[in-house]
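>>> Provided below are the primary sequence and the corresponding predicted coordinates.
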Amino acid sequence: MDFDTIIVGAGVLGASTAYHLKRLDPDRNVLLVEKEKRPGAGNTSRSAALYRNIFSSVASKKLATSSIKYYLELGSEVQMDPIGYLWMFSERQWKGSKRAVSTLDNEIDEVEILGPADISSLLNINTEGKGPFPEVGYGIFGHLCGSLSGMGLAQHYAGRFLELGGVIRNSTEIDGLILKGASSSFSPWDEAGLKSISTRDGKEIKAKDFIFTMGAWSQDLLGRYGIFTGTLPKKRQLFGIKVEDPYQIAGDVDLDKVPALILPAGGTYVKPILHRNMMILGLADDLGQPYSIEGPYHDEEHFNRGIVPVIEHYFPDLKDWELKMKWAGHYSYHWPDKNPVIESVQNITWAAGTSGSGIMKADAVGRITASKVLKIKTADLFNGSKMHVSDLSLKDRNVENESFVI
Ligand SMILES: Cc1cc2nc3c(=O)[nH]c(=O)nc-3n(C[C@H](O)[C@H](O)[C@H](O)COP(=O)(O)OP(=O)(O)OC[C@H]3O[C@@H](n4cnc5c(N)ncnc54)[C@H](O)[C@@H]3O)c2cc1C
């Protein structure tokens, strides 16, 4: 069967793009292909699925703010839990982040700047510094922040796409692109572009347009055919600990009121699920972590050396805990500005480079990617704002560096 458009990769970006493309162009015959057994089973399912509108660049803020508004309307369908987000800084980090912090508007962005005493009233934390662990000097509390289900969101978009008549093929891995004409030695007058894609089990699927939303796998496949996606994969890991007494963290605060936390040491972050006696812990390590799609394999040394000492310093009352879960995935990075990339070459479009914040931006990125394929220059976002599609391209990129990256 031939299609008008094939979308490869049914993570949260691919599923969102598929839905928005069908919504904007209902007669288009669209196929969404996924190598795993169901949509969302790639890095979308491995993420912490926290959402926030705390960003310094206009682009990231716009993408997240509009997407969050859409997710809030979905509510329990995607397990929206608006617990808030507390990003903590030492005095020195705060001075260094002055420019980024000045881009936040307390009222519009629904953020509050907190001092150590305010922070101590939100949870049972040690705000003093010692050795390599800086003091807690300031915090940005984001009210328009929380957690959701990444998998639930991908399933939401996939379901809507199917309702509109889209086709999904799971367990189908694309292992090659078949270019029009002479493949690698085009004459200038040849019609260049992609004719079809091949599956691992030897089938060929044809379409007029192709969208690649393969996240961390994008460069690995497209690079083989002369495309530089502007994105690279990097491993990230998460560890789930079971805590015997969650009030050792929450103090006097209700368990479901403790926000997501970014601690001032080494990019350690906490997703609290205290009502289920759990905390998910991550660490944004960088140097030494290769840009590679290998594995990903989790390593407990990373947890023991990087995360445990930080948790022990800031939560000295946390006594009885046990490591229960660990897993690894990949970020798809765009360097240097860390905003998503949505670009096209001939009839090939790709969307990736979400740099660890793809779930919270997926609605807007899906709308912009669909608009790009439909040759609409300015995409309409859910909250009524607009974005020039070319702003996220590589050729005509028009975005600032994003400073709030974890
Ligand atoms: C540890 C960790 C924590 C994170 N925490 C957060 C967070 O708190 N908040 C947030 O917003 N983001 C977070 N992220 C980032 C978030 O997971 C990603 O930005 C988001 O999932 C990207 O979606 P995607 O659709 O681009 O990628 P994916 O979900 O990876 O989708 C790509 C899909 O393409 C499929 N695919 C790949 N190659 C092929 C092929 N050859 N043929 C067919 N299918 C193929 C894959 O199976 C996959 O399903 C985190 C990521 C990690 C790893």
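Thanks, I have the structure now. Everything numeric here is computed off the predicted structure, so don't read it as measured data. Numbering: from 1, shown residues only.

>>> Are we agreed that Ala364 is in a strand?
No: under the criterion used here (DSSP: H, G, I helix; E, B strand; the rest coil), Ala364 is helix, not part of a strand.

>>> what does the stretch 51-200 of the chain put close to the ligand?
Applying CB under 6 Å from any ligand atom, one finds that the stretch 51-200 of the chain approaches the ligand through Glu173, Ile174. Where you see a C-beta, it was placed from the backbone N, CA and C, and this is true even at glycine.

>>> Single out the residue in the stretch 51-200 of the chain that lies closest to the ligand.
Among residues of the stretch 51-200 of the chain, the one nearest the ligand by CB to the nearest ligand atom turns out to be Ile174. It sits 3.8 Å away.

>>> Could you measure from that residue over to Gly193?
Taking CB to CB, to the nearest Å as the measure, Ile174 falls 16 Å from Gly193.

>>> what about these two, which has more around it?
Per other CB atoms under 10 Å, whichever of Ile174 and Gly193 has more neighbours is Ile174, with 21 against 16.

>>> I'd guessed that one sits against Thr199; true?
Yes: under the criterion of CB atoms under 8 Å, Ile174 is in contact with Thr199, at a separation of 6.1 Å.

>>> shared neighbours, those two?
Here Ile174 and Thr199 have Val33 as joint contacts, going by CB atoms under 8 Å, 6 or more residues apart in numbering.

>>> Show the end-to-end separation of stretch 111-131, please.
With CA to CA, to the nearest Å applied, stretch 111-131 spans 30 Å between its terminal residues.

>>> tally of neighbours for the closest residue to Ile54 other than its chain neighbours?
Leaving out its chain neighbours, the residue that sits closest to Ile54 by CB to CB, 6 or more residues apart in numbering is Gly142, at 4.7 Å. Burial of Gly142 is recorded as 24 neighbouring residues (other CB under 10 Å).

>>> Tell me what Gly142 is bridged to.
Tyr85, Val111 (DSSP bridges).

>>> That one: what's it in contact with?
Taking CB under 8 Å, 6+ apart as the definition of contact, the neighbours of Gly142 are Arg52, Asn53, Ile54, Gly84, Tyr85, Leu86, Trp87, Asp109, Glu110, Val111.

>>> again, 6 Å this time
Each residue near Gly142 by CB atoms under 6 Å, 6 or more residues apart in numbering is listed here: Arg52, Ile54, Tyr85, Val111.

>>> Now flag whichever of these is closest to Thr354.
Taking CB to CB as the measure, Thr354 sits nearest to Arg52 out of the contacts of Gly142, at 13.6 Å.

>>> Who are the contact partners of the closest one?
Tyr85, Gly142, Cys145.

>>> Contact partners for the residue nearest to it when sequence neighbours are not counted?
Closest residue in space to Arg52, ignoring its immediate chain neighbours: Cys145 at 4.0 Å, by CB to CB, 6+ apart. Taking CB under 6 Å, 6+ apart as the contact definition, Cys145 lies against Arg52, Gly84, Tyr85.

>>> give me that answer again for 7 Å
With contacts defined as CB atoms under 7 Å, 6 or more residues apart in numbering, the neighbours of Cys145 are Tyr51, Arg52, Asn53, Ile54, Gly84, Tyr85, Ala260.

>>> For the residues you listed, which entry has the maximal number of neighbours?
For these, the largest neighbour count, defined by other CB under 10 Å, is 28 neighbours, found at Tyr51.

>>> pLDDT value on it, please?
The predicted structure scores Tyr51 at 98 on the pLDDT scale.

>>> Could you double-check that it lies in contact with Lys69?
No: because the distance of 11.0 Å does not satisfy CB atoms under 7 Å, Tyr51 is recorded as not touching Lys69.

>>> which residues of this structure fall in helices?
In chain order, the chain shows helices spanning 12-24, 43-46, 58-74, 91-96, 98-101, 116-120, 150-163, 218-222, 247-250, 300-301, 308-314, 362-373, with DSSP state H as the criterion.

>>> Run the chain-centre distance for the longest one.
Right, helix 58-74. Taking CA atoms, centre = their mean, to the nearest Å, one finds helix 58-74 lying 13 Å from the centre of the chain it belongs to.

>>> repeat for the shortest one
The chain centre lies 24 Å from the centre of helix 300-301; the measure is CA atoms, centre = their mean.

>>> what does that helix rub up against?
For helix 300-301, the surrounding residues in contact (CB under 7 Å, 6+ apart) are Lys326.

>>> before we move on, what about the fifth one?
Where contact means CB under 7 Å, 6+ apart, the residues beyond helix 98-101 that reach it are Ser56, Ile140, Ser403, Phe404.

>>> contacting residues around the first one?
Just to be clear, that refers to Ser56. Ala100, Thr103, Glu402, Ser403, Phe404.

>>> what about whichever residue of the stretch 301-406 of the chain sits closest to the ligand, neighbour count?
For the stretch 301-406 of the chain and the ligand, the shortest gap (CB to the nearest ligand atom) falls at Gly358, measuring 2.2 Å. Per other CB under 10 Å, the neighbour tally for Gly358 reads 27.

>>> quick one, phi/psi of Asp317?
phi -80, psi -10 (degrees, to the nearest 10).

>>> Assess the claim that it and Gln248 are in contact.
Yes: the pair Asp317 and Gln248 qualifies as a contact (CB under 7 Å) at a distance of 4.5 Å.

>>> Comparing the two, which residue is more hemmed in?
Neighbours were tallied for Asp317 and for Gln248 using other CB under 10 Å; the higher tally belongs to Gln248 (17 against 12).
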